[in-house]
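Visitor: please work out how this folds:
(chains A, B, C, D, E and F)
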Number of protein chains: 6
Amino acid sequence: VLEHIVDAVLYLEGERFHSFRILRATKNRFGSTDEVGVFEMGETGLREVADPSGVFLEERGKGVSGSVVVPTLEGTRPLLVEVQALVTPTSFGLPRRTASGADLQRVLLLLAVLGKRAGLSLGQHDVYVNLVGGLRVREPAADLALAVALASALRDKPADPRAVFVGELGLGGEVRRVQRLAARLREAERLGFERAIVPQASVRDVNGTALEVIGVADLREAVMRSGMGERSA
Amino acid sequence: VLEHIVDAVLYLEGERFHSFRILRATKNRFGSTDEVGVFEMGETGLREVADPSGVFLEERGKGVSGSVVVPTLEGTRPLLVEVQALVTPTSFGLPRRTASGADLQRVLLLLAVLGKRAGLSLGQHDVYVNLVGGLRVREPAADLALAVALASALRDKPADPRAVFVGELGLGGEVRRVQRLAARLREAERLGFERAIVPQASVRDVNGTALEVIGVADLREAVMRSGMGERSA
Amino acid sequence: VLEHIVDAVLYLEGERFHSFRILRATKNRFGSTDEVGVFEMGETGLREVADPSGVFLEERGKGVSGSVVVPTLEGTRPLLVEVQALVTPTSFGLPRRTASGADLQRVLLLLAVLGKRAGLSLGQHDVYVNLVGGLRVREPAADLALAVALASALRDKPADPRAVFVGELGLGGEVRRVQRLAARLREAERLGFERAIVPQASVRDVNGTALEVIGVADLREAVMRSGMGERSA
Amino acid sequence: VLEHIVDAVLYLEGERFHSFRILRATKNRFGSTDEVGVFEMGETGLREVADPSGVFLEERGKGVSGSVVVPTLEGTRPLLVEVQALVTPTSFGLPRRTASGADLQRVLLLLAVLGKRAGLSLGQHDVYVNLVGGLRVREPAADLALAVALASALRDKPADPRAVFVGELGLGGEVRRVQRLAARLREAERLGFERAIVPQASVRDVNGTALEVIGVADLREAVMRSGMGERSA
Amino acid sequence: VLEHIVDAVLYLEGERFHSFRILRATKNRFGSTDEVGVFEMGETGLREVADPSGVFLEERGKGVSGSVVVPTLEGTRPLLVEVQALVTPTSFGLPRRTASGADLQRVLLLLAVLGKRAGLSLGQHDVYVNLVGGLRVREPAADLALAVALASALRDKPADPRAVFVGELGLGGEVRRVQRLAARLREAERLGFERAIVPQASVRDVNGTALEVIGVADLREAVMRSGMGERSA
Amino acid sequence: VLEHIVDAVLYLEGERFHSFRILRATKNRFGSTDEVGVFEMGETGLREVADPSGVFLEERGKGVSGSVVVPTLEGTRPLLVEVQALVTPTSFGLPRRTASGADLQRVLLLLAVLGKRAGLSLGQHDVYVNLVGGLRVREPAADLALAVALASALRDKPADPRAVFVGELGLGGEVRRVQRLAARLREAERLGFERAIVPQASVRDVNGTALEVIGVADLREAVMRSGMGERSA
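Guide: Predicted structure coming up:
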């Protein structure tokens, strides 16, 4: 009888004035779940966007440092998102950290891991993190992309524009597995990406993709392979 | 069956004592959506305002620096809003940032982009941002207007009073496309504006408007074209 | 069918232990709206107050600096409110700003406008703002009164006790129109005021009042006409 | 029909583990309103407290500075409350202000008024305010009592233990009228107080009381009459 | 008719992952009230804990400074709780104050009273307060126990392990009466305590207990009797 | 009749985009209670995860300092969680403390206990705490694991990878008993752990486990036995 009590919750997510809305349905009964749709607000009402990743990535600045694409999950649906970082030398004693669309506490952890485990210290820099299009991402699977974007901004070297990055980071610097990696990579492939940097332990789970799949065991390795390693710039 | 559960949410938006109310209806069924009306509180009740942009812009200070008009979207309805910025030299160590009607975190990001990508540093200035009429704007499409207002206030040069500005800004300084640009520009044209500064990638989408449409690829170009560029004042 | 869903919201406003309650009714159907009543809590229940402005103003300190009266709107009903400011030299590095009944962010903006546009800097003073009777005012129409009260407190010169002040302030220092000015002035006249300082652009809208109506285009003019101008004290 | 929508709200007020609960009923229909009862939690349930002021005052420290009694209103029911202040020289740069049961913003305003209007500066002192018994008071009518308690603590001179204090304070230092003064004073008389310091403008409203009623026009006068005046200690 | 509207509120209190839950029922009708039960989450569901104080106290560190037991009330049911304090010399300019389970504002007040009224200054120490078992106590009756725990930690002298402490503290340092003292002491006696330090004014109310009951009039006396007095260590 | 009022509350716990959801049912009737399930969001809906601890621990970094496993309780179900700590020398005056998934106030208390009771001072270090997988733990039973992880990070010595740690910490440094220790240890044994560090007082309660059970009376003993003792590194 418990399953009759909470039936379904529907909500439209997104900044109030933002043009994309994500319709999320949480349903606890009969196994159906968390279907997600991305809608665009048109003249005659909400209209489903057939290819949301394409829209989000269309204008991605190529050749600009600090920009990395991560395949996130919106419910069971993969969604490619561009994360951006900007760093500037600190002009006051305490460096500033500002995040729009990402969790600031999480960014602070990632900065500590970058310093301790990958030798990239941002203690003398102001740090800004942005998610394009007013989106919000909270899953730890975006850790790796955020960290690489920060490294790219610090080194002022663009990340590989044909690659996506995905993985949770632990405080030891290890890159940890994420859920439903195959679905994430299918979406990246569909949108024309050619390469995926993923947790080393997940490489064996991935097959049947045209992407070049590169496993990394820890953040230092990810940074090195991206050409932003310590003293290598 | 899901669509029967959440039917519609109606709310009146606006500061409690403010004279304009925006009635927003969110309806998830049958495709109709987000109709928005602007109402004025009159003696006999709420009265729809036929030309809200006209009202908001009526008293815009001409020849004053720091004022820029942006065509925002309220649901499917375009609404012209004046954003204002004021900068003063900082008298204490930490510069003050105050925002009324705009998101302070977003303003901090825009200040960083102005400094890093357009060479306009406000690190030694207190910064104040205001939206006229007690309105609130949250969509990233207002980024460009906010950034140009800040540049105008810093240079103490008025922005072009016949122009509107619209575009999302990325941390790389790139000006990104916004939703429903045509509808926004129609409203600007209807109210007598003569020029629109829009994302470069959107120029091809706009036709059938009497406005002069100027595409800008990044913030530096927008600032230059507005005559507020680095060391040019 | 939408109008059946949200029918009416009634609430009693005011500090919990305060003797006045404002009953606000928001009704979305049939055009009737936002009727407001002011009630006093008596021995036998809530009793409507026939002349609320009179009660609020009864004890206004005459000849004291920092006190200004503003005709606000409570729904469609005008309500005269006394705003007060107190300034003292700062004893610590960072000047203190405290507001009771007004929005602190708004006060910070007004202080910046006073300094930049009217030459009245309070950067070396602690600033306190109070609304008498535990009331709260959020509409921008109170901007001018708050700014003049701050100027009066800084100059230690009382404002004209027979005058009311009303107008929104922009960051350029311009005094902007407010809604339903005529109704506001009728209430001021009814309570014995003799003069009204209003936005210049609104002077043409006002007629049939016994009040002397003085239009001001910007804050500097308002401050000058109130005898609190720069270096004139 | 509106009056059928919100019928009544009942709630038990008070700290969760506190022994007194105040039952408040707000009823919008038929004129009956805001009846309040004070209940004590006993072994067999909530038991009405017949003489709540007596309980609260029973243990009031006599001869201790910083303690003042104020007749507050709980709905239509008067309730005597002891407010306490403690001041100590500041050991760090920024003086500390802590309030338990009173609004901290209000305390900050009162400190500014004490300094500017009564010559009693607490800028070099840490300030602590407490309401005995875990009660909370928010009505401005407690301003005068709080200010006198602060003055008493600063001068280290006890306030008159047989007196109650009541009045709102403006930023000009003026003592303003409060609602239902007669009922407040009846309660003070019933509990054995002999004197009441009230707003000057209210003296004419009070009759038929055995209390000695002393009107004060402003805070300076109140402080002087309490023997805590400037340079008199 | 009012009593039919709010009938009963049931909630389970306690940290989400904590093993004890306190079931509280607030019932406004027919006089029954605030029955409280302490439940332990077992394999087959919530199981009432017959002797909650015994469980909480079982592992109390004997001979450790900073630990004091207070008989609190959970509704009508007494519950013995161990409060703990830890003080360390401050290494930075501003001493740190951290509270887990107690109200931090209240701890700040108690620190001020300890300094001013009992001569025990903690202005150069970091202060940590903890309630064992993840419990929360908000009633002022725990003031005395908290203050003695702080004194014990400062002096590094254990408090009497066979004694319980109970009483509200005023800013004058006076120890004030609390509700239902007899029931609190019965619980302490049942669990093997031998002594109770209580408000002086309450001694006459207590009889029929095997506990040694010691009345204290103010905090200085309580601290002296506990062997933690000024300059005596 | 009370038990009919609140029947059941069901909610899905976890970060919005995180792949694991914990379904918690609180039921007050008939004794059944707090059943918890861990679900993974798969292509066809929520799917129960048969062995959640195994999933969480799969990628635990071996040989990395600052990582400790604690058997927590999710309702009646044990769940093994990896807690991580990272410490770096402080570069600014005030050391930074950041926690993701743990309560920051609790971490501050544990740092104070580590310094005072185990001689491990982190006053000159920035401290970061993380719970792997986006989980949150609030029960005091995780205190010991958090403290040992902090010690391990400070000493840069890995904790025993085959051991789990469980126990509440008091401010005296004592390790206190936790609920349902046997069930916690069964889960650890099932997942291949070989050793458990538990409160000394609980050793007698544990039998029928293949784990080596080590009782510790206080934090200093736990730190010593883990090889991270004062001056021993």
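
Visitor: pLDDT score assigned to residue A:103?
Guide: At residue A:103, the model reports a pLDDT of 92.

Visitor: now it: closest residue in space that isn't a chain neighbour?
Guide: Spatial nearest neighbour of residue A:103, chain neighbours left out: residue A:138 (6.1 Å); criterion: CB to CB, 6 or more residues apart in numbering or on different chains. Quick note: C-beta positions are derived from backbone N, CA and C, even for glycine.

Visitor: give me the neighbour count for the one you found.
Guide: 16 (other CB atoms under 10 Å in any protein chain shown).

Visitor: quick check: longest strand of chain A.
Guide: strand A:77-89 (DSSP state E).

Visitor: ranges for the helices of chain A?
Guide: Along chain A, the segments classed as helices by DSSP state H run A:52-57, A:104-118, A:143-155, A:181-190, A:219-225.

Visitor: please identify the deepest-packed of those helices.
Guide: helix A:143-155 (a mean of 27; mean count of other CB atoms under 10 Å in any protein chain shown).

Visitor: tell me the mean pLDDT for that one?
Guide: The average of the pLDDT scores along helix A:143-155 is 97.

Visitor: ok, stretch A:182-199 next?
Guide: Here the average pLDDT along stretch A:182-199 is 90.

Visitor: nearest to residue D:133, of the helices of chain A?
Guide: Residue D:133 lies closest to helix A:104-118 among the helices of chain A, at 38.8 Å (CB to CB).

Visitor: which residues touch that closest one?
Guide: Residues from elsewhere that reach helix A:104-118 (CB atoms under 8 Å, 6 or more residues apart in numbering or on different chains): A:97-99, A:120-123, A:127, A:129, A:140, A:143, A:146-147, A:150-151, A:169-173, A:218-220, A:223, A:229-230, F:86, F:88, F:96, F:98-100, F:126, F:128, F:130.

Visitor: in this structure residue A:71 contacts residue A:188, no?
Guide: Yes: with contact defined as CB atoms under 8 Å, residue A:71 reaches residue A:188; the gap is 5.2 Å.

Visitor: give me the neighbour count for residue A:204.
Guide: 8.

Visitor: sorry, slip of the keys, the one I care about is residue A:212.
Guide: Residue A:212: 12 neighbours (other CB under 10 Å).

Visitor: OK, contacts around it?
Guide: Counting by CB under 8 Å, 6+ apart, residue A:212 touches A:194, A:195, A:196.

Visitor: so which of the contacts of helix A:104-118 belong to strands?
Guide: Short answer: the contacts of helix A:104-118 in strands (DSSP E) are A:97-99, A:127, A:129, A:169, F:86, F:88, F:98-100, F:126, F:128, F:130.

Visitor: quickly list what residue A:197 is bridged to.
Guide: Residues in a beta bridge with residue A:197, per DSSP bridges, are residue A:165, residue A:214.

Visitor: from chain E, how far off is it?
Guide: Applying CB to the nearest CB, to the nearest Å, the value for residue A:197 to chain E is 36 Å.

Visitor: what sits against that residue?
Guide: A:144, A:148, A:163, A:164, A:165, A:166, A:167, A:214, A:216, A:222, A:225, A:226.

Visitor: surely residue A:124 touches residue A:93?
Guide: No: at 10.7 Å, residue A:124 does not count as touching residue A:93 under the criterion of CB under 8 Å.

Visitor: rewinding a little: most neighbours among the ones in strands among the contacts of helix A:104-118, please name it.
Guide: Of these, with other CB under 10 Å as the count, residue F:130 tops at 30 neighbours.

Visitor: list the beta-bridge partners for that one.
Guide: residue F:84, residue F:100.

Visitor: out of the contacts of residue A:197, which comes closest to chain F?
Guide: When these are ranked by distance to chain F (CB to the nearest CB), residue A:167 comes first, at 10.2 Å.

Visitor: surely that closest one touches residue A:143?
Guide: Yes: counting by CB under 8 Å, residue A:167 does reach residue A:143; the two are 6.5 Å apart.

Visitor: top of the contacts of residue A:212 by neighbour count?
Guide: residue A:196 (25 neighbours).

Visitor: list the contacts for that one?
Guide: Taking CB under 8 Å, 6+ apart, one finds A:163, A:164, A:165, A:166, A:185, A:188, A:209, A:211, A:212, A:213, A:214 in contact with residue A:196.

Visitor: pretty sure the first one is touching residue A:198, no?
Guide: No: the pair residue A:163 / residue A:198 is not scored as a contact, 10.4 Å apart, by CB under 8 Å.

Visitor: and the two? Which one has more around it.
Guide: residue A:198 (27 against 20).

Visitor: what's near enough to touch that one?
Guide: Residues in contact with residue A:198 (CB under 8 Å, 6+ apart) are A:166, A:167, A:181, A:185, A:206, A:213, A:214, A:215, A:216.

Visitor: and the furthest pair within these?
Guide: A:185 and A:216 (14.8 Å).

Visitor: low pLDDT regions in chain A?
Guide: Filtered on pLDDT under 70, chain A yields the residue ranges A:1-62, A:75-76, A:92, A:230-233.

Visitor: number of nearby residues for residue A:89?
Guide: Residue A:89: 8 surrounding residues under other CB under 10 Å.

Visitor: contacting residues for it?
Guide: Residue A:89 neighbours (CB under 8 Å, 6+ apart): A:124, A:125, A:126.

Visitor: count of neighbours near the second one?
Guide: Going back to what we said before, that points to residue A:125. 19.

Visitor: surely it and residue A:90 touch.
Guide: Yes: with contact defined as CB under 8 Å, residue A:125 reaches residue A:90; the gap is 5.9 Å.

Visitor: smallest gap between chain A and chain D, at which residue?
Guide: residue A:93 (16.5 Å).

Visitor: hang on, the earlier thing: anything in contact with each of residue A:71 and residue A:188?
Guide: A:78, A:80, A:164.

Visitor: out of the residues you listed, who's nearest chain B?
Guide: Of the shared contacts of residue A:71 and residue A:188, the one sitting nearest to chain B (CB to the nearest CB) turns out to be residue A:80, at 15.2 Å.

Visitor: could you report the distance from the closest one to residue A:129?
Guide: Plainly put, residue A:80 is 17 Å away from residue A:129 if you go by CB to CB, to the nearest Å.

Visitor: next one: residue A:77
Guide: Counting by CB to CB, the gap from residue A:77 to residue A:129 is 24 Å.
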